[in-house]
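Novice: sequence below, structure please.
(one chain, ligands or ions: 1)
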Amino acid sequence: MKMKTILVIGGTGRLAQPVVQALIRAGYMVRILTRSPKQSDNAVRWQPGTLEDQDSLRTAVQDIDAVYLNLPATLNPHARFIPEWHGLQNILEVLSPTVTLLKLSEIGATDDTEFTDLRYKYYAEQLIRNSGFPYLIFRPTWFMESLPLMLTRGRFIVYGGRQRSPIYWIAGQDYAKQVIKALQQAATFGNRIFTMQGLEALTFFEAAYRYARAVDKTLQPVSAPLWMLRVYGMFSRQMRFNYEVMRYYDHRHEVFEADETWSRLGKPTITIDQFAQGYKLHSGLQPENQQTAFTRK
Ligand SMILES: NC(=O)c1ccc[n+]([C@@H]2O[C@H](COP(=O)([O-])OP(=O)(O)OC[C@H]3O[C@@H](n4cnc5c(N)ncnc54)[C@H](OP(=O)(O)O)[C@@H]3O)[C@@H](O)[C@H]2O)c1
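Specialist: Residues are numbered from 1 along each chain as shown. Got it, this is the predicted structure:
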């Protein structure tokens, strides 16, 4: 039987790594659209291109069965080009109608928020839902990977505000397993939105503390006041994003809503301690040690 080909857009992104690895392990042909291609091998075909250029997208989507979208966060709603909006429209224009769209979104995606990225996640979902293409949308909560890759600054794990409400942190590997299962059963599921949550509900402090205890006891969880993040946010879009995301989650109360996902796609198994042990073992503490070379064993 012919191996199915999946195009991953944003496949070099931090949170796409477990999904790409899982696709390879599950026997898919993986094609990664990127602005910085590497040498293709038997695991991955690197496809030069950009979401801004429809010609490169047209080449990238040839003979694919599905496309997985790991698009970058929207920092600037006034940008000339927003991948979640303009990029997605470009993709929709070049796809053939039988291709299934798989899209990383975020839990609680809504347009009723001042958190720009979450609003754009919602707009992207609406574009896909109205496109007529078969789709599966994944709405994960916070990835455990955020602890080392986004929140760790030197010896500190920094979050903003008090963050008293627990979050069902999910490991990238558990998320990836569920994505693969959804892809394998896409025809029977039909169009669907899955909320993805992990096993344990932990506050930012609890998650950061447990991660630090397993990885490096000298790491310290630190909460920065939101007013301080707001001031920093006046100086850069990335800082403004940090403020918006922390302010949003400081007020949010996460409830468990992944029953259907667990029953259809399997239950996550990875605790924060196991994630931390695995992270320490495989990647070291430096984000630059994260694996971006993929292998087919
Ligand atoms: N942190 C969490 O817990 C969490 C939870 C839910 C959802 N999310 C969402 O996860 C998403 C992905 O995050 P990430 O950390 O993996 O992102 P990332 O590391 O910033 O990666 C962004 C990817 O987008 C690609 N890209 C950017 N502009 C492009 C363009 N014009 N054309 C083609 N590709 C382009 C980049 O590819 P090249 O540079 O190789 O071209 C790169 O692979 C974000 O939207 C975030 O909001 C995060």
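
Novice: CA only for contacts and neighbour counts going forward, please
Specialist: OK.

Novice: what about the residue nearest to Leu95 when sequence neighbours are not counted, neighbour count?
Specialist: Of all residues not flanking Leu95 in the chain, Val61 sits nearest, at 6.5 Å (CA to CA, 6 or more residues apart in numbering). Residues near Val61, counting by other CA atoms under 10 Å, number 23.

Novice: what do you get for Arg164?
Specialist: For Arg164, the neighbour count with other CA under 10 Å is 16.

Novice: that one contacts Ala201, correct?
Specialist: No: counting by CA atoms under 8 Å, Arg164 stays clear of Ala201, with 11.3 Å between them.

Novice: so where is the stretch 1-150 of the chain shaky, pLDDT-wise?
Specialist: Counting by pLDDT under 70, the ranges of the stretch 1-150 of the chain that qualify are 1.

Novice: can you give me the strands for it?
Specialist: Secondary structure of the stretch 1-150 of the chain (DSSP state E, counting those that start in this stretch): strands at 5-9, 29-34, 44-48, 66-69, 100-104, 135-140.

Novice: hey, which of those strands is tucked in deepest?
Specialist: Neighbour counts (mean count of other CA atoms under 10 Å) averaged over each of the strands of the stretch 1-150 of the chain peak at strand 5-9, with a mean of 25.

Novice: contact partners of that strand?
Specialist: Strand 5-9 has contacts (CA atoms under 8 Å, 6 or more residues apart in numbering) with 20, 28-34, 60-61, 63-71.

Novice: likewise for stretch 32-42?
Specialist: With contact meaning CA under 8 Å, 6+ apart, stretch 32-42 is reached by 7-12, 44-50, 60, 295-296.

Novice: and what of stretch 56-69?
Specialist: 4-10, 31, 33, 47-51, 90-91, 94-95, 98-104.

Novice: tell me how far the residue nearest to Ile91 when sequence neighbours are not counted lies from the ligand.
Specialist: Leaving aside its chain neighbours, Ile91 sits nearest to Leu57 (6.7 Å; criterion: CA to CA, 6+ apart). Noted for Leu57: a distance of 9 Å to the ligand, by CA to the nearest ligand atom, to the nearest Å.

Novice: Leu57: neighbour count?
Specialist: Neighbours around Leu57, by other CA under 10 Å: 24.

Novice: equivalent analysis for Gln163, please.
Specialist: Using other CA under 10 Å, Gln163 is surrounded by 20 other residues.

Novice: would you say it is within a helix?
Specialist: No: under DSSP: H, G, I helix; E, B strand; the rest coil, Gln163 sits outside any helix and is assigned coil.

Novice: quick one, what contacts it?
Specialist: Gln163 sits next to Thr203, Phe204, Phe205, Tyr249, Asp250, His251 when contact means CA under 8 Å, 6+ apart.

Novice: okay, now the unreliable bits of the stretch 151-297 of the chain?
Specialist: Checking the stretch 151-297 of the chain against pLDDT under 70 turns up 283-297.

Novice: would you list every one of the strands in it?
Specialist: For the stretch 151-297 of the chain, applying DSSP E, counting those that start in this stretch gives strands covering 152-153, 156-160, 192-196, 220-224.

Novice: of these, give the one that comes closest to the ligand.
Specialist: Closest to the ligand of the strands of the stretch 151-297 of the chain, according to CA to the nearest ligand atom: strand 192-196, at 9.4 Å.

Novice: run through who's touching the closest one.
Specialist: Here strand 192-196 makes contact (CA under 8 Å, 6+ apart) with 107, 135-141, 170, 175, 257-258, 260-261.
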